[in-house]
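Trainee: Output the structure for:
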Amino acid sequence: MSFHVTSICTNHKFGSATRKQVITFLADKASDDGSGIWCSKGTIAQSTELSKSTVKRTITQFLNEGIILETGKRSNSRGYTVEYRINLDQVAQLPLTKELPETTGVTVNPVQHEPQTIP
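Mentor: Got it, this is the predicted structure:
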């Protein structure tokens, strides 16, 4: 579970609430470099309350766009589960959910004057 990858993904636009929900689920399962994601599409569908066909379609879109990459397969009792990695470089090229301010800095005078004393 990577708060780093989840934060990166939540700060970028993916085009729809469905796509955002799937990538956020995957990001939550990733290591800090975006790798090591192995969960079945059925598990993703059950956890996100999306249909399995919607999850499959969304993952196929992400693969075609280079947002996620297949890195291998893990054997399980029903055959195998595909292992994925989120391509953080590709995610970084997506628009941000909110624009960063053009200027940053101190908004108040940082110099604190001594209070006046009454004689």
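Trainee: drop to CA atoms for contacts and neighbour counts, all remaining ones
Mentor: Will do.
Trainee: after the helix or strand containing residue 59, next one along is what?
Mentor: Element membership of residue 59 [criterion: DSSP states H and E] is helix 52-65. Heading C-terminal from helix 52-65, the first helix or strand you meet, by DSSP H and E, is strand 68-76.
Trainee: Now do that next one: distance to the chain's middle.
Mentor: Between the centre of strand 68-76 and the centre of its chain there are 19 Å (C-alpha atoms, centre = their mean, to the nearest Å).
Trainee: go on, stretch 90-103?
Mentor: Distance, stretch centre to chain centre, for stretch 90-103: 13 Å (C-alpha atoms, centre = their mean).
Trainee: Now it: buried residues?
Mentor: Buried residues in stretch 90-103, defined by neighbour count with 16 or more other C-alpha atoms under 10 Å: 91, 96.
Trainee: again, but for stretch 34-51
Mentor: For stretch 34-51, a neighbour-count test (16+ other C-alpha under 10 Å) marks 34-39, 41, 44-45, 48 as buried.
Trainee: For it, what does the pLDDT average out to?
Mentor: For stretch 34-51, mean pLDDT is 95.
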